[in-house]
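Asker: Please work out how this folds:
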Amino acid sequence: MGRSPIHGVPSVDKSAQLTQVDDVVWEWWLERRLTAGSVSIRLRVVEQLTGRDDPAALRLLSRAAKDSSSEVRCAALLALAQSQAESVVATLTSALRDPEEQVQEAAVAALKRLGRPEAVRALVAALGQGSRRVQFRAAQALESMGWRPSRAEDELAWAVAHGDYERVAAAGTAGLPWLSRRLREGDYSERLAVVRALAQCPASGATNVLAEALKDVDATVRAAAADGLALRHAPEAAPALIRALKDPAPLVRAAAASALGQLRDPAAVEPLITALEDSHWEVRVAALEALGRVGDRRAFPSVVARLDDKEQEVRQQAAETLGVVGDESILEKLVLTLMDPHSGVRQAAARALHRIDPGWQRSPRVQSLLPTIQSALQHVDPAVQLAAAGLIRQITGLTPAELAQRDSAASQAQRHQAAAAVLEQLASDPDPEVRLTVVVALGRLGLRRSVPVLEARCADPNPWVAARAHEALQSCHAG
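Answerer: Below you'll find the model as predicted:
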């Protein structure tokens, strides 16, 4: 470069120097404006930088892509998509992991607009990650760019992006990492769908993944995980399900109890007996049903106690369970349950009785309950009255009125027998007046049992006593 003969300095183009200074000042000014407190000002800066492909502009746009405002970040990403610089892809790829879903979507749209091979690779890597909506957007973008999965791993990623978790689960062990990730990162509906798909997964490792899902933040997902473990019939899941019996949500506790019943693990009997004291009737019902499936006699006393539960559904399931774990020792309790106010409970008790003893109506122990059953005819609940009347007919073949009449006649005969026994003891009294009174009374009773006593009095030394004894004998023979 030449120098000036006067000043001894290099010769430069003054206009170019001024333009360079202006650019530096302008970039400095824009950079300052990117730190402004107003979002609208920062958006204006991004707008002014849009369309420029020089390093300074790309540097400022990359900085704006990390702005505190998601709106500014989205605008910066879409502006970067107009550049052909290789560094842009790295910035857009990083934005796929942004905490805001709308920024992730903007990054997908920007990569789609770039359309370069490295952009395709970034979108493929995004499949199976982030929110379900962003995954679907990435899949749509790839489809519009003409990409189709060619590897097994890409097929799984593609299925995850489209929410086809059954297809991922069907892949067995290869699909488990993808499903595990969705359980960690997906929303409620996605996690629920993943859990349901895992129940059908052929890989043994799916049981462990479902057991982990018992710790999900949402109770519905945890309950679905318990249901899935029940469908898999995996004994190794029993400890996790036993722990789930103490879950804060009754929905989960009930699902865990039901699952343990499916596993039929004897180790679950004691925890299930404890669950019979749960404050929510749904859990008590599930525990009763599970104990019936396990069929362990250790549960017998606790199940019997549930026949007096305040909730109809619990009493009904207790009766059903006793049909499995019960024996003849509870006939009386089940018979009295046939007078429950609710028909469902009565029907369950009837089924249990038939399983334990098809001829229970003829049992002397059941016959002894007739006074208690008759007293239930005066119950304030008409349903109980009707049930008691029906039960009387089952046991005796008589209506309540017919039974009462029969009991009355039987009671009178018992009184006559008792009176005759007392009179017969007095028939040998030394006082003839007493003996006379006795033979007359025995004649009125007319019982055959008194014949020997009256025959002896026919030879009484008192003629009046002997005569009355003959008359009394005729009454006894006529009876």
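
Asker: Could you list the low-pLDDT ranges of the stretch 351-479 of the chain?
Answerer: For the stretch 351-479 of the chain, residues meeting the criterion pLDDT under 70 lie at 403, 407-412, 478-479.

Asker: ranges for the strands of it?
Answerer: For the stretch 351-479 of the chain, no strands are identified by DSSP state E, counting those that start in this stretch.

Asker: The strand or helix carrying Val72: how far from the chain's middle?
Answerer: Here Val72 sits within helix 70-80, counting by DSSP states H and E. Relative to the centre of its chain, helix 70-80 is centred 46 Å away, using CA atoms, centre = their mean, to the nearest Å.

Asker: What mean pLDDT does it get?
Answerer: The pLDDT scores in helix 70-80 average 91.

Asker: list the contacts for Glu143?
Answerer: If you count contacts by CB atoms under 8 Å, 6 or more residues apart in numbering, Glu143 has none. C-beta here means a position set from N, CA and C on the backbone, and glycine is covered the same way.

Asker: Just the element for it, please.
Answerer: Using DSSP H and E, Glu143 falls in helix 132-144.

Asker: Okay, buried residues for the helix or strand just after that helix please.
Answerer: Remark: after helix 132-144, the chain's next helix or strand is helix 152-161, criterion DSSP H and E. Neighbour counts using 16 or more other CB atoms under 10 Å place Glu153, Asp154, Glu155, Leu156, Ala157, Trp158, Ala159, Val160, Ala161 of helix 152-161 among the buried residues.

Asker: now the fifth one: how far from Glu455?
Answerer: Remark: distance between Ala157 and Glu455 (CB to CB, to the nearest Å) = 111 Å.

Asker: cool, and the fourth one?
Answerer: Counting by CB to CB, the gap between Leu156 and Glu455 amounts to 107 Å.

Asker: Quick check: which ranges of the stretch 1-150 of the chain have low pLDDT?
Answerer: 1-23, 128.

Asker: can you list the domain ranges for the protein.
Answerer: 214-326, 327-397, 420-478 (automatic domain parsing).

Asker: which one of those is the most hemmed in?
Answerer: domain 214-326 (a mean of 21; mean count of other CB atoms under 10 Å).

Asker: Now do the end-to-end distance for it.
Answerer: Length of domain 214-326, first residue to last, CA to CA, to the nearest Å: 33 Å.

Asker: For it, the averaged confidence score.
Answerer: For domain 214-326, the per-residue pLDDT values average out at 95.

Asker: Show me how far it is from its chain's centre.
Answerer: 9 Å.

Asker: ok, Ile330 to Leu288 distance?
Answerer: Taking CB to CB, one finds Ile330 at 15 Å from Leu288.

Asker: for Trp26, same thing?
Answerer: Trp26 is 79 Å from Leu288, where distance means CB to CB.

Asker: What of Gly37?
Answerer: 64 Å.

Asker: Tell me the buried residues in the helix holding Glu143?
Answerer: So for helix 132-144, counting by 16+ other CB under 10 Å, buried means Arg132, Val134, Gln135, Arg137, Ala138, Ala139, Ala141, Leu142.

Asker: go on, stretch 179-195?
Answerer: Neighbour counts over stretch 179-195 (16+ other CB under 10 Å) mark Leu179, Ser180, Arg182, Leu183, Gly186, Glu190, Arg191, Leu192, Ala193, Val194, Val195 as buried.

Asker: Please identify which pair of those residues lies farthest apart.
Answerer: Ser180 and Leu192 (15.1 Å; CB to CB).

Asker: Appreciated, that's everything.
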